[in-house]
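**Student:** this one's structure only:
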């Protein structure tokens, strides 16, 4: 799901959050990176759906193939 580098950073930030030592800058960076990852996942999903829809034939075309 996430890159190994991002997973590593997330693990460090989680530990710092539990310790209460995370800085505002680190928290801001974490939110920014997670939002970027989510945006790219949404875009990739939308491309897959668009591509799948383009390949589906309409019902009339399918019925004509049966004749």
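**Tutor:** Sure thing, it's come through. In this text, all values refer to a predicted model and were calculated from it rather than measured experimentally. Numbering: from 1, shown residues only.

**Student:** By mean pLDDT, flag the weakest helix or strand of the chain.
**Tutor:** helix 59-66 (a mean of 76; mean pLDDT, DSSP states H and E).

**Student:** Counting neighbours, which bits of that helix end up buried?
**Tutor:** By neighbour count with 16 or more other CB atoms under 10 Å, helix 59-66 contains no buried residues. Every C-beta, even on glycine, is put in place using the N, C-alpha and C of the backbone.

**Student:** what do you get for stretch 10-21?
**Tutor:** Within stretch 10-21, the residues that count as buried by 16+ other CB under 10 Å are residue 13.

**Student:** residues in contact with that stretch?
**Tutor:** Stretch 10-21 has contacts (CB atoms under 8 Å, 6 or more residues apart in numbering) with 2, 22, 26-27, 30.

**Student:** And the spatially most central residue of the chain, what's its pLDDT?
**Tutor:** Among the residues of the chain, the one closest to the centroid is residue 41, at 2.3 Å (CA atoms, centre = their mean). The confidence metric pLDDT takes the value 72 at residue 41.

**Student:** so it is in which element?
**Tutor:** helix 24-55 (DSSP states H and E).

**Student:** Equivalent analysis for residue 7, please.
**Tutor:** Under the criterion of DSSP H and E, residue 7 resides in helix 4-19.

**Student:** Now do that helix against helix 24-55, angle only.
**Tutor:** Here helix 4-19 runs at 140 degrees with respect to helix 24-55, directions being taken by axes from the mean of the first three to the mean of the last three CA atoms, to 10 degrees.

**Student:** how far does helix 4-19 sit from the chain's center?
**Tutor:** 19 Å (CA atoms, centre = their mean, to the nearest Å).

**Student:** Quick check: the farthest pair among the contacts of stretch 10-21?
**Tutor:** Across these, the two members that end up farthest from each other (CB to CB) are 2 and 22, 18.2 Å apart.

**Student:** The two: which is more packed in?
**Tutor:** The residue with more neighbours, out of residue 2 and residue 22, is residue 22; 16 against 13, by other CB atoms under 10 Å.
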